[in-house]
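# A predicted structure for the sequence below; I have some questions about it.
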Amino acid sequence: MPRLTSEAFGGGDQSWLGSSHSIANCRTETLDISAFTKATHYPDGYIPSGTPVCKTGGVLVPLTGDNAGDFAGHVYTDQTVAGAADLPVPVFYHGTVKTARVPGDFTAPTAQPHTTIVYI
């Protein structure tokens, strides 16, 4: 008997978006899942839409106070985590973001070399 699984797909809570400007222009980047911890970053089995990320060593890692200079943008849609394999994800890097609606304890970075995001 084959192992069958089912999965529901959706965009997640995108109330962090400040406008629809640039949502069709997300770029694909590789998310280093080993840099994320289940209890902190994906307790429900997925990286939530709006998660802020940095690009370090060619891959995306969670934004922390230590790496704000490498800020890359926000994961655009929920990303299911199954195992330890890195994930290709869409990254929102240009447009308007509502700071108060970004998942987690987020403060807009002051250095944004790879983005043109306006925080409101």
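Now that the structure is in, tell me what you want to look at.

# Retrieve the pLDDT associated with the most centrally placed residue in the chain.
Most central in the chain under CA atoms, centre = their mean is residue 75, positioned 2.3 Å from the mean C-alpha point. We have a pLDDT of 95 for residue 75.

# Can you tell me what sits against the lowest-mean-pLDDT helix or strand in the chain?
Within the chain, no helix or strand scores below strand 116-119, which has a mean of 85 by mean pLDDT, DSSP states H and E. Outside strand 116-119, the residues that touch it by CB atoms under 8 Å, 6 or more residues apart in numbering are 18, 73, 74, 92, 93, 94, 95, 96, 97, 98, 99, 108. Yep, even glycine has a C-beta here, placed from its N, CA and C like the rest.

# how does it look with 6 Å?
The list of residues contacting strand 116-119 from outside it, by CB atoms under 6 Å, 6 or more residues apart in numbering, reads 94, 96, 97, 99, 108.

# Make JSON lines from those residues and add pLDDT to it.
Below are these laid out as JSON lines (pLDDT from 0 to 100):
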{"residue": "94", "pLDDT": "90"}
{"residue": "96", "pLDDT": "92"}
{"residue": "97", "pLDDT": "93"}
{"residue": "99", "pLDDT": "92"}
{"residue": "108", "pLDDT": "82"}
